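What would the 3D arrangement of this be:
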Amino acid sequence: MAIEAEDMSSNSIKILAGNSHPELAAIISKRLGIPLSKVGVYQYSNKETSVTIGESIRDEDVYIIQTGTGEQEINDFLMELLIMVHACRTASVRRITAVIPNFPYARQDKKDKSRAPITAKLIANLLETAGCDHVITMDLHASQIQGFFHIPVDNLYAEPSVLNYIETKTDLANAILVSPDAGGAKRVASLADKLDLNFALIHKERQKANEVSRMVLVGDVTGKSCLLIDDMADTCGTLVKATNTLLDHGAKEVIAIVSHGIFSGAARERLQNSKLSRIVCTNTVPVDLDLDILDQIDISPTLAEAIRRLHNGESVSYLFTHAPS
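Numbers count the residues shown, from 1 in each chain. Here you go, the predicted model:
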């Protein structure tokens with residue numbers, strides 16, 4: 001479904017972008033037919049962030065595009081977003097929507113041990129306190145994060161775009177879907193139903209965060225082309241171990257498909273030395289990996305259409321099952 005530029009009124013909507021993912025912001029802006037507003041985001045020598053909005057946004061419908069990414073910069077980008085929201089609020093805008101394709105701190109969504117913080121709830125509080133009216137995000141690590149907010153949250157899905165990719169870029173004749181952990185079983189089962197494929201599950205045990213100690217495969221993958229589905233790939237330890245587990249159990253090849261390709265720490269080295277046939281991710285975060293096995297899915301049409309529908313007061317539920325062209 002193409003987006004018509006005339007559907008949008010540049011006199012009543014403004015698109016602002018932080019420094020986290022300027023490429024994605026530029027693509028969304030182009031699809032909507034609306035130029036990015038002038039925003040200056042700077043850091044003083046003591047690392048304080050300063051934001052200057054270079055044009056009037058009074059009584060406008062403002063959308064701020066900023067994703068959660070970066071090994072060192074993620075907290076800087078979060079502060080950028082909060083300051084930009086606050087700057088818009090004090091400039092008397094009509095409504096502020098934060099477009100956060102990859103929600104920061106989403107993995108810290110529950111109190112899983114004594115004295116552990118629920119940082120995702122803190123981020124929700126910060127956004128609301130700064131003056132945010134609405135949040136658009138994609139493939140939350142845990143969907144209950146929507147309940148941390150007292151403002152509307154639209155959690156979009158990469159699934160329709162992933163389905164299109166699988167149907168056009170992979171051989172389904174001998175394929176099987178695989179979840180690398182129990183938490184992703186529901187996501188993989190949904191894809192398997194739509195593709196009419198079987199799926200397998202890997203049970204993993206962790207000794208500490210970002211470190212998997214043991215994996216157990218549930219299902220038969222002998223001679224199959226395994227599509228390993230997950231919501232994010234960070235250090236890629238799980239993907240590499242899961243790949244080895246599947247190949248050890250007779251899999252023909254392993255293709256990993258993730259929503260958020262964070263690729264921090266030792267991810268580059270692990271992927272280079274891995275036995276993965278292909279690693280596929282969306283462009284919710286910028287990916288700086290020069291690998292022959294890397295492929296990307298563009299989700300800017302979904303985000304742009306969500307902005308258009310929200311601005312025009314239309315339902316966004318269509319996007320839960322369809323990928324705009």
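
count of residues packed around Q146?
Q146 has 15 neighbours, counted by other CB atoms under 10 Å. No exception for glycine: its C-beta is placed from N, CA and C like everyone else's.

Grab the most central residue of the protein for me.
In the chain, the residue lying closest to the centroid (CA atoms, centre = their mean) is N102, at 3.6 Å.

what pLDDT does that residue get?
What the model reports as pLDDT for N102 is 97.

Please parse this protein into its domains.
The chain breaks down into these domains under automatic domain parsing: 5-157+300-320, 159-297.

just checking, what packs against the helix or strand M232 falls within?
In this structure, M232 sits in strand 225-233 according to DSSP states H and E. Applying 3 or more CB pairs under 8 Å, 6 or more residues apart in numbering; DSSP states H and E, we find strand 225-233 packed against strand 175-179, helix 185-195, helix 237-248, strand 253-261.

what's stretch 76-83 in contact with?
Residues outside stretch 76-83 that contact it (CB atoms under 8 Å, 6 or more residues apart in numbering): 18-20, 41, 43, 47, 49-51, 64, 66-70, 98, 100, 104, 123, 126-127, 130.

Mind doing that once more with 6 Å?
For stretch 76-83, the external contacting residues (CB atoms under 6 Å, 6 or more residues apart in numbering) are 18, 20, 41, 49, 51, 66, 104, 126, 130.

Against T69, how distant is the second one?
Just to be clear, that refers to S20. 6 Å (CB to CB, to the nearest Å).

These two: which is more packed in?
Under the criterion of other CB under 10 Å, the comparison of S20 against T69 puts S20 first, with 27 against 22.

Give me the pLDDT for the more buried one.
Listed pLDDT for S20 reads 95.

Now do the SS call for V216.
Here V216 is recorded as strand under DSSP: H, G, I helix; E, B strand; the rest coil.

quick one: low-confidence ranges for the chain?
Applying pLDDT under 70 to the chain picks out residues 1-11, 71, 205-213.

residue ranges of the helices in this protein, please?
Shown for the chain, the helices assigned by DSSP state H span residues 22-32, 74-90, 119-130, 159-169, 185-195, 237-248, 267-272, 300-311.

Tell me which of those sits nearest to D292.
Across the helices of the chain, D292 has its closest neighbour in helix 267-272 (9.8 Å, CB to CB).

Could you list the buried residues of stretch 242-254?
Across stretch 242-254, burial judged by 16 or more other CB atoms under 10 Å covers 242-243, 245-247, 249, 251-254.

hey, what's T97 bridged with?
T97 forms beta bridges with Y63, H134, as assigned by DSSP bridges.

Isn't it up against Y63?
Yes. With contact defined as CB atoms under 6 Å, T97 and Y63 form a contacting pair (4.9 Å).

who's more crowded, those two?
For T97 versus Y63, the count of surrounding residues by other CB under 10 Å is larger for Y63: 28 against 24.

ok, that one to S274 distance?
Taking CB to CB as the measure, Y63 falls 37 Å from S274.

Repeat that for I145.
Separation of I145 from S274 (CB to CB) stands at 30 Å.

okay, those two: which has more neighbours?
Looking at I145 and S274 with other CB under 10 Å, you find the greater number of neighbours at I145, namely 24 against 19.

circling back to that earlier point, is it true that the residue nearest to the centre of the chain touches I262?
No. N102 lies out of contact with I262 (CB under 6 Å); the separation is 7.5 Å.

contacting residues for A233?
Taking CB under 6 Å, 6+ apart as the test, what A233 contacts is 239, 258, 261.

Settle this for me: the first one is touching I257, isn't it.
Same thing as L239. No. L239 lies out of contact with I257 (CB under 6 Å); the separation is 10.2 Å.
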